[in-house]
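[1] sharing a model that was predicted from the sequence below.
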Amino acid sequence: MIALAAALYLFDCVLLLERGQALWSPAALSFGSNHYQLRGKAVALLNPFTPFVPVARTLPLFAAPSGPKVSASVRALTPLIIPAAMQFVLVFVALPWCLYRAPGWPLFLALVLAYVNALAMLALIWWRFRAAGLEERPLVALGFAWLACLPLSVNCLRKAGLAFNIALDARRAIRFLPVHERARARAELAAQIAEAMHEVDESDELYRRLDELQRQLAPEAGHGRV
């Protein structure tokens, strides 16, 4: 049962990203795999040990600006950090321990606490989204999944942040990273663009735009500034 719960949680941590689209966290950008893809999208994995760290998804390259600002997303989800950490401990520490060492009332109490915490997080996310003017509709399906399959509730903070794209693409997001992270992020974005160029015909207008962006990312082109 514990192995099944862990497998479901790990599966929930797998995401698909457009080429050049990134997962944003306060300290880094992640572009997913350069080589593994499904349905033409890069496979990315959320860190399974940090479900309490807010994550957002940038716009695809060349997409029209839309969606909430990253600051609005972070403000809405920051109050979930402690409950999300508690849910991780309840589901993957307290429940397994009670299952093998203290079956009966301790197990039942841990299960009740996990469901109560999941409900509280769903209500808090709903309230915070409404206060921030964010779209609440995606929470219907997400909330049902969290309550129907408890291990998925551990990811509630991150999945709520991934319910929409922030109004920022990866090129602009690099500018807001710590200085020591920018070179790595530029290199990863350039690698994603190179993969995307292999998937596009050279006569396509998109190929020309990708090629131009790749040259801008090269260190010799304005010292890698984008």
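    Nice, thanks for sending it over. Numbers count the residues shown, from 1 in each chain.
[2] pull out the buried positions in stretch 19-32.
    Arg19, Gly20, Gln21, Ala22, Leu23, Trp24, Ser25, Leu29, Ser30, Phe31, Gly32 (16 or more other Cβ atoms under 10 Å). C-beta here means a position set from N, CA and C on the backbone, and glycine is covered the same way.
[3] which members of those are the farthest-apart pair?
    Greatest spatial distance in those: Arg19 and Ser25, 19.7 Å, computed using Cβ to Cβ.
[4] the strands in this protein, which residues?
    Assigned by DSSP state E, the strands in the chain fall at 14-17, 23-25, 28-30, 37-38, 41-45, 56-59, 165-169.
[5] check which residues of the longest helix anywhere in the chain are buried.
    In the chain, ranked by residue count with DSSP state H as the criterion, the top helix is helix 105-132. Within helix 105-132, the residues scored as buried using 16+ other Cβ under 10 Å are Leu107, Ala110, Leu111, Ala114, Asn117, Ala118, Met121, Leu122, Leu124, Ile125, Arg128, Phe129.
[6] can you pull up the most central residue in the chain?
    The chain has Val55 as the residue nearest its centroid, 4.4 Å off, counting by Cα atoms, centre = their mean.
[7] hmm, that residue is touching Ala44, no?
    No: using Cβ atoms under 8 Å, Val55 makes no contact with Ala44, being 10.1 Å away.
[8] shared neighbours of these two, anything?
    Shared contacts of Val55 and Ala44 (Cβ atoms under 8 Å, 6 or more residues apart in numbering): Leu23.
[9] who's in contact with the lowest-mean-pLDDT helix or strand in the chain?
    Sorting the helices and strands of the chain by mean pLDDT, DSSP states H and E puts strand 37-38 at the bottom, at a mean of 77. For strand 37-38, the external contacting residues (Cβ under 8 Å, 6+ apart) are Leu16, Val43.
[10] partners of that strand in the sheet?
    strand 41-45 (antiparallel) (DSSP bridges).
[11] mean confidence for the strand it pairs with?
    Strand 41-45 comes out with an average pLDDT of 89.
[12] gap between the closest residue to Leu189 other than its chain neighbours and Ser25?
    Once flanking residues are discounted, Leu189 sits nearest to Ala170: 5.4 Å by Cβ to Cβ, 6 or more residues apart in numbering. As judged by Cβ to Cβ, to the nearest Å, Ala170 and Ser25 stand 13 Å apart.
[13] over to Leu109?
    34 Å.
[14] cool, and Arg57?
    11 Å.
[15] before we move on, what about Leu147?
    26 Å.
[16] then Ala84?
    14 Å.
[17] with Ala3 instead?
    Distance from Ala3 to Ser25, by Cβ to Cβ: 28 Å.
[18] just Ser33 next, same as before
    Counting by Cβ to Cβ - Ser33 and Ser25 are separated by 17 Å.
[19] that older thread, now tabulate the buried residues of helix 105-132 in CSV and tack on distance to Thr78.
    CSV is the format used below for these (distance: Cβ to Cβ, whole Å):
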residue, distance to Thr78
Leu107, 32
Ala110, 26
Leu111, 28
Ala114, 22
Asn117, 17
Ala118, 19
Met121, 13
Leu122, 17
Leu124, 11
Ile125, 11
Arg128, 9
Phe129, 13
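[20] between which two of those is the distance greatest?
    Leu107 and Phe129, at 33.1 Å, using Cβ to Cβ across those.
[21] what sits closest to Glu135 if chain neighbours are left out?
    Phe164 (6.2 Å).
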